[in-house]
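>>> Sequence first, then the predicted structure, then my questions.
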Amino acid sequence: MPRLLPMVPSAGVIPGVASWSVFLGYRGSGGRPIVLNLWQEMIRSGVIPDERCWCVRINSQFQAGQVEAGMESFRQMIDSGLKLTIVTVNDVVTGLLRIDRLDQAIQIMAIADSLNVKPDVVTYNTLIKGLMKRSTSPPIMSILKNMQEQGITPDVVTFTVLLDGLFKKSSITPTQKADEAMKLLGYMEELGIMGNIATYTSIIGGLLKQQNVEAVEGIRNIMGRQGLSENAEMYTVMIKAAFEREDIQGVQILWEELCQKNIRRDHILWTELIWGYTQAGEITLMQEAMADMRSESERMVIKLQTYVGIIRALDRRGQIMPAKAIVEHVVDRWNDVSEPVKHDPGKILSKFWHVVGKLGGIGWMENLKARATAQEK
């Protein structure tokens with residue numbers, strides 16, 4: 001695209017600021033240097049950049065490692081007479097936090113405040129994400145208090161970011177994490193904010209990493225009071241955690257719950273269940289799960305890579321017949337199973353046939369290969 005720009009005026013077309021904004025956003029093979037070169041072309045053409053053009057320039061400088069130059073461009077934008085808006089401030093702050101420059105992001109906020117451009121909930125959510133990455137971030141409740149003092153009400157995203165950051169912190173104990181999470185949820189309820197399924201799935205995942213099953217039940221009770229229904233993604237998280245703590249009975253209880261609630265099951269959930277039973281050596285339960293998956297009204301396809309892992313795990317346990325049955329199942333559904341890996345046949349497919357040959361011998365493998373090839377025609 002840049003090579004075409006000198007030809008545009010000669011063709012009788014004079015690019016306006018909107019066109020230049022598109023040109024500046026172009027990332028082609030030259031990357032960020034192109035943006036900075038285009039800026040000079042735009043200025044020479046007599047076009048006065050708008051906020052969008054400035055934001056592209058500033059963030060390109062940040063991404064190029066020219067942080068001070070980007071900060072200077074921000075000041076130049078203000079000096080140019082453009083009216084600063086919170087949308088632009090949020091864009092620049094996001095660019096800085098993308099390269100982990102929280103201090104400079106706070107400087108941008110201070111400049112905005114001096115110009116009476118007040119933060120909104122998007123600003124705070126962006127800053128909180130950066131703060132929570134630090135080992136010495138402020139107490140969570142003080143952040144929320146500061147938001148309210150600014151007249152800003154936290155939203156679902158605020159709590160999701162806070163809780164996600166909380167569970168990733170290594171500087172506090174599992175008990176402290178659970179206590180803070182419950183305080184946050186209580187506060188969220190006080191504000192009348194309805195959490196969504198993604199928020200609660202994130203919370204439950206974090207609690208289960210700390211093996212805090214009791215707190216998870218508390219979260220599920222809150223969801224019930226809010227009339228929120230659990231979904232396959234949440235049950236996948238809970239079932240995976242139950243397998244990790246070797247609680248097979250817990251897995252079965254969760255599965256019965258899921259079936260009773262008639263929750264739609266997806267291939268990710270089935271994969272987790274089948275793989276978990278295989279790893280735990282529960283071969284009968286694994287076989288039953290495989291049969292149940294096949295009887296689903298919707299077509300469920302497990303990745304070939306996962307099947308390779310399952311077959312290897314069964315082989316290691318001396319479970320040759322179940323392993324061979326899975327191989328037969330894979331070959332019978334070859335077009336479905338192999339479709340996602342046809343673009344990279346040299347790796348996953350070769351692994352599969354290697355495992356098959358080791359399991360049942362070269363003759364058996366060649367016969368199955370012929371059956372699979374016949375389906376592709």
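Good, I have the coordinates.

>>> thought residue 182 was touching residue 216?
No - using C-beta atoms under 8 Å, residue 182 is not in contact with residue 216; the gap is 11.0 Å. In this view, the C-beta of every residue, glycine as well, is placed from N, C-alpha and C.

>>> and the two? which has more neighbours close in?
Neighbour count, other C-beta atoms under 10 Å: between residue 182 and residue 216, residue 216 has more, with 22 against 17.

>>> Help me confirm that the more buried one comes into contact with residue 210.
No - Residue 216 lies out of contact with residue 210 (C-beta under 8 Å); the separation is 9.9 Å.

>>> Flag the shaky bits of the stretch 1-150 of the chain, pLDDT-wise.
1-37, 135-137 (pLDDT under 70).

>>> 90 instead?
Flagging of the stretch 1-150 of the chain using pLDDT under 90 yields the residue ranges 1-66, 69, 73, 80-83, 97-100, 102-103, 106, 124, 126-150.

>>> which stretches of it form strands?
Assigned by DSSP state E, counting those that start in this stretch, the stretch 1-150 of the chain shows no strands.

>>> which residues of it fall in helices?
Assigned by DSSP state H, counting those that start in this stretch, the stretch 1-150 of the chain shows helices spanning 7-10, 17-25, 32-44, 51-63, 67-79, 86-98, 102-114, 121-132, 140-149.

>>> Pull out the buried positions in stretch 175-188.
By 16 or more other C-beta atoms under 10 Å, the buried positions in stretch 175-188 come out as 177-178, 180-182, 184-185, 188.

>>> By pLDDT, give me the weakest of the residues you listed.
Lowest pLDDT among those: residue 178, with 75.

>>> isn't it right up against residue 216?
No - using C-beta under 8 Å, residue 178 makes no contact with residue 216, being 9.5 Å away.

>>> Can you name every helix or strand that the helix or strand hosting residue 367 contacts?
Taking DSSP states H and E as the definition, one finds residue 367 inside helix 362-376. The contact analysis (3 or more C-beta pairs under 8 Å, 6 or more residues apart in numbering; DSSP states H and E) places helix 362-376 against helix 320-332, helix 334-338, helix 348-360.

>>> I'd like the average pLDDT over the second one.
By that I understand helix 334-338. The average pLDDT for helix 334-338 rounds to 71.

>>> what's the answer for the last one, then?
Per-residue pLDDT values over helix 348-360 give a mean of 91.

>>> chain center to it: distance?
Mean C-alpha position of helix 348-360 versus that of the full chain (C-alpha atoms, centre = their mean, to the nearest Å) differs by 32 Å.

>>> Name the residues that touch that helix?
Contacts with helix 348-360, where a contact means C-beta atoms under 8 Å, 6 or more residues apart in numbering, come from 304-305, 307-308, 311-312, 315, 320, 323-324, 327, 330, 338, 341, 364-365, 368-369.

>>> List the residues that contact residue 184.
Contacts of residue 184 (C-beta under 8 Å, 6+ apart): 140, 159, 162-163, 166.

>>> Enumerate every residue touching residue 107.
Contact analysis of residue 107 by C-beta under 8 Å, 6+ apart lists residue 71.

>>> Repeat that for residue 320.
314, 359.

>>> where are the low-confidence patches of the stretch 151-300 of the chain?
151-229, 294-300.

>>> which stretches of it form helices?
Using DSSP H, counting those that start in this stretch, helices in the stretch 151-300 of the chain cover 156-168, 174-190, 197-209, 213-225, 232-244, 248-260, 267-280, 283-294.

>>> Mind putting these into CSV with distance to residue 79?
Converted to CSV, the helices of the stretch 151-300 of the chain look like this (distance: least, C-beta to C-beta, whole Å):
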stretch, distance to residue 79
helix 156-168, 33
helix 174-190, 42
helix 197-209, 42
helix 213-225, 50
helix 232-244, 49
helix 248-260, 60
helix 267-280, 52
helix 283-294, 64
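
>>> Quick one: closest of these to residue 144.
Among the helices of the stretch 151-300 of the chain, the nearest to residue 144 by C-beta to C-beta is helix 174-190 (6.8 Å).

>>> Quick one: work out the angle between the closest one and helix 140-149.
20 degrees (axes from the mean of the first three to the mean of the last three C-alpha atoms, to 10 degrees).

>>> and the angle for helix 174-190 with helix 156-168?
Going by the same axes, to 10 degrees, helix 174-190 makes 170 degrees with helix 156-168.

>>> Understood, closing this out.
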